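1. What follows is a predicted structure for the sequence shown.
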Amino acid sequence: MPTFNTSPGTRDILAPESARWRAFQQVFADVVEHAGFAHIIPPMFEDLGVFLRVGETTEIVTKEMYDFDDKGGRRIALRPEQTASVCRAFVEHRPVTPWKVWYSGPNFRYEKPQQGRYRQFDQVGVEVLGVDDPQLDAEIIALAVEFYRRLGLRGIRLSLNSLGDSGDRERYAAALRTHFVSHLDALSVESRATLERNPLRVLDSKRPEDAGAIAAAPRMADHLCDAAAAHFASVQAALQAAGVDFVIDDRLVRGLDYYRRTTFEFVATSLTAAHTAIGGGGRYDGLVADLGGPETPGIGFALGLDRTLLACDAEGVFAAPATVVEVFIVDVTGGAQAATVCSQLRAAGIGADRAYDARSMKSQMKVADRSGARLALIVGEDEVAKNAVTLRTMETGAQQLVPRDELVAQVKTALGR
RNA sequence: GUGGGCGUAGCUCAGUUGGCUAGAGCGCUAGGUUGUGGUCCUAGAGGUCGCGGGUUCGAGCCCCGUCGUCCACCCCA
């Protein structure tokens, strides 16, 4: 018999981790829905063209796209991120602005997997379309910070930068190219190749040999037009007013070509592996127009679920929630009693489970123990004869006989409800 | 895409210079206790040693390939 495993870069999320994922998404939904964001569920695949707008020099597009031809001859790609899909949805439905949406779900990139990097990876995020106001930039960032706070994460560093308007970005890229070309022999081979594709990305190099040339490179701050500089200053002022700590990092470029003006990134200081960036975002004021819509400003962020949970592990916070089974029914009279009691308790809103296959009491008690239930209900011949059940508190071993018609009430009392 | 480490039971791993029927702990099942879990004791089930070739009298061990996985680079969440 052939056997199968998950495809590379994918995995099964089993309990109790799966419950933790759900709790993570629930906390996020609570935070953003209280801030007026509506849920959007875009499709997991779209026409490849939607994602090509992300930028033709980004690696997401050039080598990581999970794409294929479908049976209708369409060129399809599994979404590598959700911002482009949200913008496509905006152009398709033309909702009134400001349009504030949040999402949660898997994305796909064809990469070589390693810790914190998967071919299918989950993100939660928000997008706002139709608002230029720098106060929104600050509010978006503060929203992410609030979410981290709700998880219990403390070791978060927020890096902030402005990439300027599209004209600024081009002028800066040209200045960088000139600078690095004149220092070509000081650059690593890899960075020389990066320079060909996208001079801004050279700033991201972590190679020690590049440090000198990067330190001497022109600064983005000197290439911002007045409007972009004023916007950036307002964002900083609003963040300070909101009490959000940040550090300006004018080497922060980020991987997506569509970013304009404000960009930011959250780094988990508790993580030591390669992937310490657990979330990021920024403005993408030209993206809606690139997708055939009207000129519409946009801003948003995406937070990586897997990596954020790794950070939670490193800090020992946001543990998986406890089991929902509160009562376990042990029935040594065949199992019919367990069926009745189980459905009675469940109908009363009490988490209940039972054993099967008429196993011995000892064996059923073991299962009860493993289930994590606080209470066991034991049904044997004696109890049936007395029209009662034995209620056992697992932690103490204390037992009492409870008449069947008082069962639900007594269980609730024992559970402290 | 590049480089390196590692693939032996459900899990974590031993396995000597290549040499009897491949082991341990945990977990699982059952019993010790025919009405009681978490501790303890006993027994049992469970493995084509990732897969395919090769070398050899003989391969879990050596060689080649392949797949998977982990780590780093690249890049990013």
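-> That came through, no problem.

2. Skipping its backbone neighbours, what lies nearest A:Pro134 in space?
-> Nearest residue to A:Pro134, sequence neighbours excluded (Cβ to Cβ, 6 or more residues apart in numbering): A:Ser234, at 3.7 Å. Heads up, the C-betas are built off the backbone N, CA and C, glycines and all.

3. what does A:Thr269 give?
-> Across the structure, with Cβ to Cβ, 6+ apart as the measure, the residue nearest A:Thr269 apart from its sequence neighbours is A:Gly155 (3.9 Å).

4. Skip ahead from the helix or strand bottoming out on mean pLDDT in chain A and say which helix or strand is next.
-> Across the helices and strands of chain A, mean confidence by mean pLDDT, DSSP states H and E is lowest for helix A:59-62: a mean of 68. Counting by DSSP states H and E, the element after helix A:59-62 in chain order, helix or strand, is strand A:66-69.

5. Could you list every helix and strand that the helix or strand just after that next one packs against?
-> Beyond strand A:66-69 in the direction of the C-terminus, DSSP H and E gives the next helix or strand as strand A:75-78. Of the remaining helices and strands, those touching strand A:75-78 by 3 or more Cβ pairs under 8 Å, 6 or more residues apart in numbering; DSSP states H and E are strand A:45-47, helix A:48-52, strand A:66-69.

6. burial measure for the residue of the stretch 51-200 of chain A found nearest RNA strand B, as a count.
-> Among all residues of the stretch 51-200 of chain A, A:Gln115 sits closest to RNA strand B, at 2.8 Å; criterion: Cβ to the nearest atom of the strand. Using other Cβ atoms under 10 Å, the number of residues around A:Gln115 comes to 12.

7. Give me the distance between the residue in the stretch 251-400 of chain A positioned nearest to RNA strand B and A:Leu345.
-> Of the residues in the stretch 251-400 of chain A, the one nearest RNA strand B is A:Gly255, at a distance of 1.5 Å by Cβ to the nearest atom of the strand. The spacing between A:Gly255 and A:Leu345, counted by Cβ to Cβ, to the nearest Å, is 52 Å.

8. before we move on, what about A:Ala29?
-> The spacing between A:Ala29 and A:Leu345, counted by Cβ to Cβ, is 29 Å.

9. Compare these two (neighbour count), which wins?
-> Under the neighbour definition other Cβ under 10 Å, A:Ala29 and A:Leu345 were set side by side, and A:Leu345 has more, 23 against 15.

10. pretty sure A:Phe108 is touching A:Arg79, no?
-> Yes - in this structure, A:Phe108 sits in contact with A:Arg79. The criterion is Cβ atoms under 8 Å, and the distance is 6.6 Å.

11. which residues are in contact with both of those two?
-> Common neighbours of A:Phe108 and A:Arg79 (criterion: Cβ atoms under 8 Å, 6 or more residues apart in numbering): A:Met44.

12. returning to what we had before: ok, which of the helices and strands packed on strand A:75-78 comes nearest A:Phe318?
-> For the helices and strands packed on strand A:75-78, the distance to A:Phe318 is smallest for strand A:66-69, at 29.4 Å, taking Cβ to Cβ.

13. What strands line up against the closest one, and which way round?
-> Sheet pairing for strand A:66-69, assigned by DSSP bridges, gives strand A:75-78 (antiparallel).

14. Tell me if the strand it pairs with is near RNA strand B.
-> No - no part of strand A:75-78 sits near RNA strand B under the criterion Cβ under 7 Å from any atom of the strand; the closest distance found is 12.4 Å.

15. Can I get that strand in PDB, CA atoms only?
-> Presented in PDB, the C-alpha positions along strand A:75-78 are these (Å, rounded to 0.1, in the frame of the first residue of the first chain):
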ATOM      1  CA  ARG A  75      -3.600  31.100 -15.900                       C
ATOM      2  CA  ILE A  76      -4.300  30.700 -12.200                       C
ATOM      3  CA  ALA A  77      -2.200  31.500  -9.200                       C
ATOM      4  CA  LEU A  78      -2.800  30.600  -5.500                       C
END
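
16. mind putting the helices and strands packed on strand A:75-78 in TSV, mean neighbour count included?
-> As requested, the helices and strands packed on strand A:75-78 are arranged in TSV below (neighbours: other Cβ atoms under 10 Å):
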stretch	mean neighbour count
strand A:45-47	16
helix A:48-52	18
strand A:66-69	14
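
17. Including distance to RNA strand B, could those go into TSV?
-> Below are these laid out as TSV (distance: least, Cβ to the nearest atom of the strand, whole Å):
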stretch	distance to RNA strand B
strand A:45-47	17
helix A:48-52	13
strand A:66-69	11
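
18. Save those as TSV, and put in mean pLDDT and distance to A:Phe24 too.
-> Rendered in TSV, the data for those read as follows (pLDDT from 0 to 100; distance: least, Cβ to Cβ, whole Å):
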stretch	mean pLDDT	distance to A:Phe24
strand A:45-47	94	24
helix A:48-52	90	26
strand A:66-69	88	24
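
19. Need those in TSV (columns: distance to A:Arg11).
-> What follows is these, written out as TSV (distance: least, Cβ to Cβ, whole Å):
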stretch	distance to A:Arg11
strand A:45-47	20
helix A:48-52	24
strand A:66-69	16
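
20. how about those, which one is nearest A:Arg201?
-> Nearest to A:Arg201 among these is helix A:48-52; the distance by Cβ to Cβ comes to 18.2 Å.

21. And for the residue lying closest to A:Ala227 once chain neighbours are set aside, the neighbour number?
-> Ranked by Cβ to Cβ, 6+ apart and with sequence neighbours excluded, the top spatial neighbour of A:Ala227 is A:Asp165, at 7.0 Å. The local packing count at A:Asp165 equals 19, with neighbours defined by other Cβ under 10 Å.

22. Run through the residues that contact A:Asp165.
-> Contacts of A:Asp165 were listed using Cβ under 8 Å, 6+ apart, and they are A:Cys225, A:Ala227, A:Ala228, A:Arg260, A:Arg261, A:Asp285.

23. got any ranges where the stretch 51-200 of chain A has weak pLDDT?
-> Across the stretch 51-200 of chain A, the stretches falling below the confidence threshold (pLDDT under 70) are A:55-62.

24. Show me where it has its strands.
-> A:66-69, A:75-78, A:99-108, A:120-129, A:156-162 (DSSP state E, counting those that start in this stretch).

25. I'd like to know which of those strands is closest to A:Gly298.
-> If you check each of the strands of the stretch 51-200 of chain A against A:Gly298 by Cβ to Cβ, strand A:120-129 wins as the nearest, at 4.8 Å.

26. circling back: so the residue of the stretch 51-200 of chain A closest to RNA strand B sits against A:His275, correct?
-> Yes - under the criterion of Cβ under 8 Å, A:Gln115 is in contact with A:His275, at a separation of 6.9 Å.
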